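Undergrad: return atomic coordinates for the entry below.
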Amino acid sequence: MIGFPPRTPFPTTPKLRLYYPSLPTTSKAVIMNIVLAEQLSLDSVEYDPIAHLNLLFSHPSTVSSVGRVSSTLQRHKDELTKSIDSLETAQAYGPDSSLERMQSAQAELASLFQRIESVRNRALQTERDITTMTADIKRLDGTKRNLTHSMTALKRLQMLTTAYDQLRGLAKTRQYRECAGLLQAVLQLMRHFNSYRSIEQIAVLSRNVNELQRELLEQVCEDFELAFAKGEVAARRGMLAEACLVMDALGEQAKARLITWYVNTELREYRSVFRGNDEAGSLDNIGRRYAWFRRMLQTHEGEHAAIFPAHWRMNETLSMAFCDGTREDFKGILEKSMRRTDGGTNKIDVNLLLSCLQETMDFEQSLERRFSSEVRASIDTMSSADDRVSNFNGSISVAFEPYLSLWVESQDKTLAGMIPKYKSQPLIPPDEEFSPQAVIPSAIELFHFYKLTLSQCAKLSTGERLLDLAKTLAKYLDEYAQQVLFTLLQRGGPQGPPVQDIILVLNTADFWHTNANQLEDNIKKRIDPEMASKVDLSTQADAFMGVASAAVLALVHKVEVDCEPAWREMKNTNWSRMESVSDHSSYVSELLKNVNGKTAEILPLVIKPQYARAFCDHLVENIANSYISNVVQCRPVCEVGAEQMLLDKYILTKAFENLLAFHNTNYPPPGTPSDPNAPPPPPPPASYIKRVNQSMTKIDPLLKTLQVRPSPPEGLVQAYLNLIGDCSDANFKRILELKGVPKKDHSHLLELFSIHRDGAGVGRTLVQNSPLLTPLFASMGSGISIGGGIAPGFATAGHHASQGSGSVTSRFDAATSLGEKLLSAARDMSTTEREGATSGGGATAMTSDKATINENLKNIGNFFRRDIGALGARFGKRDITPTGAGHD
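TA: Numbers count the residues shown, from 1 in each chain. Here you go, the predicted model:
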């Protein structure tokens, strides 16, 4: 290790002391600064010359000492310079100088490098010595390995030569069992000499082995051909079985050659009989094909199966070859039959086609069950399952699939013939009685037909043909909804069909609405996954919902027809001269009697609470519309008359809140005596009460406006703007006419109306035309009734015009049948939805007549589904929740 002498420290710099002459009288601060300046050291790391000078010359009186301070600093500097020079000299030339230490360190490093180089040289020499020592050992190891390989090769060559000679002898004597084992050994040994074929002897031996393989192959094939040709299979069965072992040892190509020969031999008769004869090969004789193969397969298993090794699966291979050939035969037969036409009619009988296809599929299923059970029965289950690649399902029947469209067309024709029959059938068989749960028998029959047809087609095809069938089924669901169910609702003229018929239509439409969705799910489960998205029966489900909606509206119409006498009595009342208000008007009792009586007849027959609720909702809505319409027909109406009408409206509202109670047959109907000890019926749902009040409250603005006296006129104008809230001069004028205000006062009131309407802060809250008054007063001039109707919002200008100017009849008049009204309601559906979204009413334009009835039914069904949403259950869903247990 190199050592260095200790470093001589620099001498510390003495504290610089500065002397000042006797100063004149100075302040105490100057003296203190001088003392602090003397205490500062020039050697300090944090020394600040500016601060030092400020301390030394802190007062003007100290300026005179600048020369002495400068000379003192110069002397101190000179002393430091001398000290540094002496220290440098001592460090450079002293006995322990840094130069000597550096030279010593360099000498030691040179010695260290010499020692390292010496060690490296010795290591290299050692490595060369070890390599020399192990070279002989490596040569000995290589010699030993080569000797071992040579001995092994010679031994194998000896074994190969011996085995070859033995194999040749065994082949000549046809000892095939020994040949099979020895042949495997020869082939395995021969593979070891593939890299030595450049040696002439090995090449000759390889050619001899290949020649022997060829001779064995030809010999075995010849033995099989002779045995089958001479009918000596049973006698030579053992030898042939051992020969199969030789074919197994020869490899896959040899085995495939024997299998192909055997299959062709066994099926030669089949091909000659059924391909060479048009009569035998026709579709009529398809059963003979399968019977022939079953006999042949039985013969094979009884006489030939034992010849072939089990893992060859000869019976399965034979079956698949039969299926392949038969499939090609059927393709040719069907193509030829389609080309033979007579007057545009093809020669394929659909029933024969279906029969052949069903028989073919049964045959395929029998083969599939047979060979899949053989796999399960195998000892080596895993290997057997892996080896089996044949799938007999569709192996022959695929030839029929392009022609299944004929079968689908036949189902189309069958259904086309069923629809007219269903239209003429009675709704209830003569030997049966009406039941509220009953469904029209034709719906059950159609459902079973669909179920059977779908199951049958799914067995035949799960591809394009099943999709075609789904489209056909959808088509006739539309036809059934339109031509059968909807047509039933059009019967009966202006009175409509009987209540029981309407209930049957409602139940049937609900039945098919549910089953259409289930039918769609069933088809999607059966069809190929890539086509499942193309199956859609939602349109048909909506069409049946539309029929159910129309049936509910038809029931509402039955009540409206009974209400006509009460409305006539209301219009015959003199509302302009009424002097006092009574509990209720006489027409109210008649109206409630008719409504409750007909509702008590209808609601117990409606099974589902959803439809009962829809019936009540639309009944209340239509009566509210009729009430407004009849108020207009009762003009002029004085203030007392308007007050009486408002009171009548309140009585009706409270009575209508109990309409749903008629659906709950566990309790007595409203207004009938009941057992005082019996529990009270449950209250109606809050959502229903809210709906009733919403429907009836829309009358209030009109009646409250009519209650205001025309004097003072500002009060009437303000009441109109606050209650009606529109800017229409025409509507305000109609209100004046409805109140019976003299025409001479109209101009003044209209002027006031214009002033108040345009006043600051009012116009911003008014609409252009009131959605209540505009269509109402439009009907006054045109004679159109908006009173009753199919459903709220279905009344449109241009429909349901009644004759005469003195009175307005119900929408369901004698001139138009209920069915036409339902049809009109469906046609107006899309227009009504757009009208409901607009604040300004006006006459509604009719939709295009090009829309189909099915689309209309779908629209009306969507409207009902949306309208009944407050129930918490979708229309058409099976729900057993009691009506009275609803929630808001």
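
Undergrad: scan this protein for its longest helix.
TA: What stands out as the longest helix in the chain, according to DSSP state H, is helix 98-172.

Undergrad: after that one comes which helix or strand?
TA: helix 176-192 (DSSP states H and E).

Undergrad: what mean pLDDT does that next one have?
TA: Averaging pLDDT along helix 176-192 gives 86.

Undergrad: quick one: low-confidence parts of this structure?
TA: By pLDDT under 70, the low-scoring segments of the chain are 1-40, 94-97, 276-279, 281, 340-347, 373-390, 665-680, 760-764, 778-888.

Undergrad: now do the strands in it.
TA: 341-342, 345-346 (DSSP state E).

Undergrad: hang on, the earlier thing: what packs against the longest helix of the chain?
TA: helix 66-93, helix 176-192, helix 200-230 (3 or more Cβ pairs under 8 Å, 6 or more residues apart in numbering; DSSP states H and E). (C-beta placed from N, C-alpha, C; glycine too.)

Undergrad: among those, which is the most enclosed?
TA: Highest mean neighbour count among the helices and strands packed on helix 98-172 (mean count of other Cβ atoms under 10 Å): helix 176-192, with a mean of 18.

Undergrad: which neighbouring elements make contact with that one?
TA: Taking 3+ Cβ pairs under 8 Å, 6+ apart as contact, the helices and strands that helix 176-192 lies on are helix 98-172, helix 200-230, helix 237-250.

Undergrad: let's have those in a markdown table, adding distance to S728.
TA: Putting the helices and strands packed on helix 176-192 into a markdown table (distance: least, Cβ to Cβ, whole Å) gives the following:
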| stretch | distance to S728 |
| --- | --- |
| helix 98-172 | 115 |
| helix 200-230 | 105 |
| helix 237-250 | 102 |
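
Undergrad: winner for burial among these?
TA: helix 237-250 (a mean of 20).

Undergrad: residues in contact with that one?
TA: Identification of contacts with helix 237-250 by Cβ atoms under 8 Å, 6 or more residues apart in numbering yields 174-177, 179-181, 183-184, 187, 213, 216-217, 220, 223-224, 227, 233, 254-255, 258, 306-309, 312.

Undergrad: over to stretch 182-193?
TA: Stretch 182-193 has contacts (Cβ under 8 Å, 6+ apart) with 153, 156-157, 159-160, 163-164, 166-167, 170, 202, 205-206, 209, 213, 216, 246, 249-250.

Undergrad: and the nearest residue to I503 once chain neighbours are set aside, how many neighbours?
TA: Excluding its sequence neighbours, the residue lying closest to I503 (Cβ to Cβ, 6 or more residues apart in numbering) is L605, at 4.8 Å. Counted with other Cβ atoms under 10 Å, residues neighbouring L605 total 20.

Undergrad: for L605, which residues are in contact?
TA: Contact partners of L605, counting by Cβ under 8 Å, 6+ apart, are P436, V499, Q500, I503.

Undergrad: cool, and T765?
TA: Contacts of T765 by Cβ under 8 Å, 6+ apart are G725.

Undergrad: I'd like the distance between it and T573.
TA: According to Cβ to Cβ, to the nearest Å, T765 and T573 sit 35 Å apart.

Undergrad: Y611 too?
TA: 35 Å.

Undergrad: the two: who's more crowded?
TA: It is Y611, of Y611 and T573, that has more neighbours when counted by other Cβ under 10 Å, with 26 against 16.
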